[in-house]
Each structure stands twice: as C-alpha cells, then as structure tokens.
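Student: coordinates only, sequence not included:
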C-alpha cells in the first residue's frame with residue numbers, strides 16, 4: 001500500500017517540475033498591454049507582455065535547466081524612447097487538447113525619455129509578433145484635478161519670486177505618493193553657485209487631494225545664490241517602489257523643476273562695506289554699568305551681540321574694537337552660532353571684551369553702526385549702539401606717588417637733624433653724643449630710601465614675569481594662528497593680536513595697527529589687509545568677486561618671517577608703561 005502511494009507522488013512531483021521547462025513548439029500568441037495610454041512627463045509606464053509556448057516533458061534536460069537561458073521578447077526595441085527601469089517574468093501551465101502549454105508573462109517598468117506621441121514597436125517572441133502600441137506623454141506637471149490618476153508627484157515652492165545676491169531663498173519640496181513606500185530616493189537641491197542649508201528634519205503627514213488620500217514627505221532648504229543673473233535650480237527627482245493593498249508592487253518616479261529666479265545686484269545706495277541682506281538684524285550690548293561710573297583698575301566685561309535672520313553666521317562681519325586712550329581692551333575669541341528659526345536661518349555673532357580703565361577722566365566709547373539691507377521693506381537700515389561716556393575716578397588708595405627727596409631736601413633734613421641734636425647737646429653736657437645720634441638718624445633715612453627703591457624694582461618686574469609665563473603658550477598659539485591664516489578664517493586678526501602680546505610682552509597690543517607701529521613688517525601688514533578685503537570687502541560680498549586673488553600660504557609665510565625677527569629693545573622707547581603711575585600697584 002505504501003509503494004502504491006509513493007510511486008504516483010514521485011511522478012507528480014517530477015511532472016510539476018517539468019511543466020516549467022520549455023521546448024521548441026509551435027508559435028503562440030504575443031500580446032502587449034500598457035497600464036495606460038496617456039501619462040505625464042516623469043511618470044512610469046507598466047507594460048505587460050504575454051506569450052505562450054508548447055512544452056514537453058523530457059527527463060534528459062531535467063537537471064540541466066537554467067532559468068536565465070529562457071528566451072524573452074525583444075524589449076530592447078523600446079530603448080530609443082523609453083528607459084527600462086525594472087523587469088519581471090512569471091510562468092503558468094495549462095492543458096490544451098492534451099498538450100502542455102506554458103504561458104509566460106513579462107512585466108516591464110518603462111520611463112519615457114520625451115514628450116508627445118511615442119510608439120512601442122511590434123515585439124517578437126519566437127515566431128509570435130505583437131501589435132504596435134501608441135503612448136501619449138503630456139508635457140509638464142498635471143493640473144490638480146489630474147492628480148487622482150498619479151501614483152506619485154513632486155511639488156516645489158519658494159517664498160520669493162526674486163532675491164538679491166546672497167539673500168536667503170526658502171525652497172519647500174513636497175513628495176506625494178500612494179500606497180506603502182518600501183523604497184525611495186528623493187534628491188536634494190544642488191547648484192554650483194549657491195550655498196544650500198537644510199532647514200531641520202523632514203516632515204511626514206497625510207493630505208487629501210481631490211478626494212484621494214496621499215502620504216506626503218516635506219523638506220525645506222535655505223538657498224543663498226552667490227552670483228547675480230538668472231538662478232536655475234536643477235530638477236528635483238524621485239524614484240521608488242510602493243506596495244498596494246493587494247500586495248502588488250508599483251514603480252514610482254517623478255521630477256519637478258523650480259521656476260527661474262532672478263538674482264539682483266547690490267543696490268547702489270547701500271552705504272555699508274559688508275553686504276548684509278536680511279529680514280531682521282539687531283545689535284545688542286550687555287555688561288555695562290547702569291551709571292557708567294567706574295574707578296581705575298575696575299574690570300568691566302562688555303558683550304556685543306549681532307543677530308541676523310536670513311544670513312549664515314559666516315556672513316556677519318567682525319564688530320569694531322576701537323576704544324579710547326586710557327581704557328585697555330582684552331578681547332576673547334568671537335563666537336558664531338547658526339540655528340533654525342521660523343523664518344529660516346538665524347545667526348548670531350557674539351564678541352566679549354574685558355575693559356580696564358587705567359586713567360581717570362571721561363572716556364568715550366565710540367558709537368557702533370552696522371548698515372544692513374532690509375529685504376522686506378527693500379531699504380537700508382542701520383543697527384546702532386550709541387556712544388557712551390565712562391566717568392572714571394581714582395580707586396581708593398590710588399594716589400600719585402610723592403617724588404623722592406632731592407639732594408637739597410636731604411641736606412636740609414640732615415642739617416635740621418644736626419641742629420636739633422646740637423641744640424639738645426647744648427642743653428646737656430656733651431655735643432659729641434648728639435653728633436652720633438644725628439649720624440644714626442641719617443643712616444636710618446638712607447636705609448629707608450634703599451628699601452623703598454628695592455620695592456619699586458620688584459613691583460616693576462611683576463608684569464615681565466607674567467609675560468614670561470605666558471610665553472610658554474606662544475608656540476601653540478602660533479600654530480593655531482597659522483591654521484586660521486591658511487583657511488582664511490575670520491578669527492585670524494584676533495589670533496594675531498593675541499599671539500603678538502605673547503611674542504612681544506608688555507606692549508598690550510589692541511589691534512594689528514598697534515603691532516606694526518612697534519614691529520614693522522610691510523609684507524605681513526599687506527597680507528593681513530588682503531585677508532580683510534577678501535573676507536569683508538564689498539566686492540567679495542557683492543555680486544561679482546574681486547579679480548584680486550588671495551591665498552592663505554602667502555599670509556602664513558609672512559607670519560613665519562615676522563616670528564623670526566628678534567625683539568628690538570629700542571622699539572620700546574617712548575611706549576606707555578604697563579601700569580600708569582596714577583594706578584595703584
């Protein structure tokens with residue numbers, strides 16, 4: 001009984017395997033069926049081709065069967081007009097008049113290469129020939145009412161129809177699709193003459209469009225065109241696959257192009273040296289005392305913040321650092337920060353300085369003015385911090401030291417001592433005794449003067465010792481300065497001043513101008529000026545770049561040459577002391 005069941009089962013299994021093996025047979029029918037005859041540019045056409053062939057069960061080719069060797073229609077005929085994105089094939093077996101007939105179904109995903117009427121030529125499979133099929137490809141994106149016939153489509157929008165050079169343009173990309181997306185790739189905007197920043201993470205939500213429920217992926221970008229003229233963004237493209245409720249896969253593909261955006265030049269009436277097109281720009285100050293009353297030696301920390309909406313932080317110029325005589329400035333490294341706000345890029349430049357008044361009187365901090373261009377009102381505006389006057393008085397105990405006694409005063413004092421001793425000796429019995437007393441008093445006075453002079457020398461060496469300790473970091477700071485110079489960083493001028501104070505201590509340089517007045521270096525001064533022009537000149541920030549080239553290697557070489565120079569003691573002649581006489585030490 002068991003043998004009777006096993007033998008039919010084996011033959012049934014062999015029959016099922018051999019049913020999928022084709023052998024030469026009589027020609028069958030070949031049909032070509034597109035899923036639609038009218039589609040929009042960027043959509044994908046699904047083409048189904050069905051053919052049949054007679055099969056024969058033959059044990060000799062059972063184990064030599066290779067599915068890749070099976071024939072297929074000459075679908076390559078469509079490649080001049082279509083791009084073949086994917087292909088698939090299926091088999092089924094049926095019996096016709098006692099013969100085994102294999103039916104083969106090929107499915108192709110085709111992307112049209114052009115618009116208009118495109119003809120799929122007659123395809124052949126063995127001896128079978130299909131009929132030509134005409135497809136109409138419509139140019140442009142479909143109207144809203146036609147979205148119901150699309151599986152996926154892209155929508156692009158911009159917040160402005162035209163912009164100034166380096167002005168922010170917000171681009172919004174939305175991908176609509178139906179079904180469950182199992183694979184997809186949406187390209188990011190790219191342009192050789194624009195700075196492009198992603199505005200946060202993408203959003204995903206659902207939306208109804210003409211009675212059809214779509215899933216939507218939304219991305220936002222901030223674009224900053226760097227050249228005037230017409231701004232043409234390359235097409236945004238999408239390719240993917242989605243699975244329908246019945247489990248079938250659909251190939252999705254679409255592209256969309258943003259309209260041409262005119263990019264305008266910097267207005268002639270703009271008066272600033274650095275071009276700043278923004279929707280908002282503010283200049284704030286913190287750390288100043290409410291009454292502006294100070295004493296010599298007080299440590300005042302002043303913080304200036306420049307905040308702009310619609311500009312990257314790298315575009316913000318350095319804040320002015322001029323201070324009056326009698327006020328020493330110790331700047332920290334500027335801090336730049338870029339964040340995402342409701343209106344796009346929000347950038348901040350923060351500059352903190354320690355200010356120490358060393359002279360009494362009225363010290364005027366000059367006004368700070370930052371011209372910028374309001375892109376909403378299309379007019380120039382100026383961010384201002386008004387001038388402020390500091391009322392500085394001497395600190396408690398800080399008095400002008402009395403001058404040392406002159407020789408005449410010392411002689412008078414000695415004479416007075418001698419007269420006093422002589423008078424006192426006359427009142428007693430011995431003038432010789434009082435002479436020794438006078439000599440002792442004079443010796444004590446001399447010792448006092450020597451102690452006072454030695455104290456002054458120790459005090460005067462204190463700043464030099466401090467500078468010596470800081471000189472240990474000169475090498476590391478110089479390497480940091482070289483890296484910034486080679487990269488063309490905006491922090492280079494500040495690092496140069498900090499390094500110079502370590503290299504030549506005791507001068508308290510506040511700017512490169514102060515440095516070059518002590519240590520002349522024409523090549524270095526020229527390269528620093530070229531860096532400033534490269535970073536913050538109007539030519540660099542405007543529509544056309546300056547014809548003058550600038551390279552960081554030349555500035556780095558000039559810095560190395562300046563470092564090799566030995567300190568010139570004569571250059572310190574006439575320089576102001578580290579601590580003025582009217583400041584308590």
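Tutor: Received, thanks. Everything numeric in this text was worked out from a predicted model, so none of it was measured.

Student: in its sheet, what does whatever helix or strand residue 348 lives in sit against?
Tutor: Assigned by DSSP states H and E, residue 348 falls within strand 344-357. Using DSSP bridges, strand 344-357 pairs in its sheet with strand 300-309 (antiparallel), strand 327-331 (antiparallel), strand 335-341 (antiparallel).

Student: looking at those, spot the one closest to residue 160.
Tutor: Among the strands paired with strand 344-357, the nearest to residue 160 by C-beta to C-beta is strand 300-309 (14.2 Å). For glycine as for every other residue, the C-beta is placed from the backbone atoms N, C-alpha and C.

Student: and the contacts of the closest one?
Tutor: The contact list for strand 300-309 (C-beta atoms under 8 Å, 6 or more residues apart in numbering) reads 276, 278-289, 294, 315-316, 319, 341, 343-357, 368, 370, 372, 383, 385.

Student: hmm, 7 Å instead?
Tutor: Strand 300-309 is contacted by residues 276, 278-288, 294, 316, 319, 341, 343, 346-355, 370 when judged by C-beta atoms under 7 Å, 6 or more residues apart in numbering.

Student: what about residue 188, how many residues nearby?
Tutor: Residue 188 is flanked by 10 other residues according to other C-beta atoms under 10 Å.

Student: one more: the one 3 residues further on?
Tutor: Number of residues near residue 191 (other C-beta under 10 Å) recorded here: 15.

Student: what's the nearest residue to it if we skip its chain neighbours?
Tutor: residue 233 (5.9 Å; C-beta to C-beta, 6 or more residues apart in numbering).

Student: how about residue 508?
Tutor: residue 328 (6.0 Å).

Student: quick check: the one you found touching residue 507?
Tutor: No - at 11.3 Å, residue 328 does not count as touching residue 507 under the criterion of C-beta atoms under 7 Å.

Student: which neighbours do these two have in common?
Tutor: Common neighbours of residue 328 and residue 507 (C-beta under 7 Å, 6+ apart) do not exist.

Student: more neighbours: which of the two?
Tutor: residue 507 (20 against 16).

Student: and the more buried one, what element?
Tutor: Counting by DSSP H and E, residue 507 is found in no helix or strand.

Student: please apply the same query to residue 482.
Tutor: helix 474-487.

Student: how far away is the residue nearest to residue 280 when sequence neighbours are not counted from residue 231?
Tutor: Nearest non-adjacent residue to residue 280, counting by C-beta to C-beta, 6+ apart: residue 309, 4.2 Å away. From residue 309 across to residue 231, the span is 21 Å (C-beta to C-beta, to the nearest Å).

Student: next: residue 562.
Tutor: Taking C-beta to C-beta, one finds residue 562 at 43 Å from residue 231.

Student: and the strands in the stretch 451-585 of the chain?
Tutor: In the stretch 451-585 of the chain, no segments count as strands under DSSP state E, counting those that start in this stretch.

Student: before we move on, back to that, of residue 309 and residue 231, who's got more company?
Tutor: Between residue 309 and residue 231, residue 231 has the larger neighbour count (other C-beta under 10 Å), namely 22 against 18.

Student: can you show me the helices along the stretch 451-585 of the chain?
Tutor: For the stretch 451-585 of the chain, applying DSSP state H, counting those that start in this stretch gives helices covering 474-487, 492-503, 512-518, 522-536, 538-541, 552-564.

Student: what number of residues lie near residue 220?
Tutor: Residue 220 has 20 neighbouring residues, counting by other C-beta under 10 Å.

Student: quick check: beta-bridge partners of it?
Tutor: Listed by DSSP bridges, the beta-bridge partners for residue 220 are residue 172.

Student: my guess is it contacts residue 199. True?
Tutor: Yes - Residue 220 is in contact with residue 199 according to C-beta under 7 Å; the separation is 4.1 Å.

Student: picking up where we left off before, what would the helices of the stretch 451-585 of the chain look like in TSV with mean pLDDT and mean neighbour count?
Tutor: As requested, the helices of the stretch 451-585 of the chain are arranged in TSV below (pLDDT from 0 to 100; neighbours: other C-beta atoms under 10 Å):
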stretch	mean pLDDT	mean neighbour count
helix 474-487	82	17
helix 492-503	81	21
helix 512-518	79	16
helix 522-536	76	17
helix 538-541	47	16
helix 552-564	82	16
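
Student: show me which residues of stretch 370-380 are buried.
Tutor: The neighbour-count criterion (16 or more other C-beta atoms under 10 Å) identifies 370-373, 375 as the buried residues of stretch 370-380.

Student: for those, give me TSV that also has secondary structure.
Tutor: Shown next, in TSV, are those (DSSP: H, G, I helix; E, B strand; the rest coil):
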residue	secondary structure
370	strand
371	strand
372	strand
373	strand
375	coil
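
Student: which of these lies closest to residue 553?
Tutor: Residue 553 lies nearest to residue 370 out of those, by C-beta to C-beta, at 32.0 Å.

Student: just send the buried residues of stretch 370-380 back as a markdown table, with distance to residue 95 too.
Tutor: What follows is these, written out as a markdown table (distance: C-beta to C-beta, whole Å):
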| residue | distance to residue 95 |
| --- | --- |
| 370 | 88 |
| 371 | 89 |
| 372 | 84 |
| 373 | 82 |
| 375 | 77 |
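
Student: run through the stretch 1-150 of the chain and note the low-pLDDT ranges.
Tutor: Low-confidence segments of the stretch 1-150 of the chain, defined by pLDDT under 70: 1-28, 54-70, 93, 96, 98-100, 140-149.

Student: run through the helices of it in chain order.
Tutor: 2-18.

Student: picking that back up, and the residue nearest to residue 191, which of the three is it?
Tutor: coil.

Student: right, and it touches residue 190 too?
Tutor: No - the criterion here is C-beta under 7 Å, and residue 233 misses it with residue 190 at 8.3 Å.

Student: name the residue in these two with the higher neighbour count.
Tutor: Using other C-beta under 10 Å, the more surrounded residue of residue 233 and residue 190 is residue 233, with 22 against 10.

Student: list the contacts for that one?
Tutor: Here residue 233 is in contact with 189, 191, 258 (criterion: C-beta under 7 Å, 6+ apart).

Student: what's the pLDDT at it?
Tutor: Note on residue 233: pLDDT of 95.

Student: beta partners for the residue nearest to residue 280?
Tutor: Counting by DSSP bridges, the residues bridging with residue 309 are residue 280, residue 346.

Student: is residue 254 in a bridge, and if so with what?
Tutor: Counting by DSSP bridges, the residues bridging with residue 254 are residue 238.

Student: what about it, how many residues nearby?
Tutor: 26.

Student: residues touching the closest residue to residue 135 other than its chain neighbours, list them.
Tutor: Sequence neighbours aside, residue 118 is the residue nearest to residue 135 in space, at 5.0 Å (criterion: C-beta to C-beta, 6+ apart). Applying C-beta under 7 Å, 6+ apart to residue 118 gives the contacts 81, 112, 135, 137.

Student: so how far is residue 82 from the second one?
Tutor: Right, the one you point to is residue 112. 6 Å.

Student: check the offset of the helix holding residue 482 from the chain's centre.
Tutor: With C-alpha atoms, centre = their mean, to the nearest Å as the basis, helix 474-487 stands 21 Å off its chain's centre.

Student: who touches it?
Tutor: Contacts with helix 474-487, where a contact means C-beta under 7 Å, 6+ apart, come from 491-492, 495-496, 498-499, 502-503, 552-553, 555-556, 559, 563.

Student: ok, now with 6 Å
Tutor: Contact partners of helix 474-487, identified using C-beta atoms under 6 Å, 6 or more residues apart in numbering, comprise 491-492, 495, 499, 502-503, 552, 555-556.

Student: farthest-apart pair in those, please.
Tutor: 502 and 552, at 21.7 Å, using C-beta to C-beta across those.

Student: can you count the residues close to the closest residue to residue 77 other than its chain neighbours?
Tutor: Nearest residue to residue 77 in three dimensions, chain neighbours excluded: residue 121, at 4.8 Å (C-beta to C-beta, 6+ apart). Residue 121: 15 surrounding residues under other C-beta under 10 Å.
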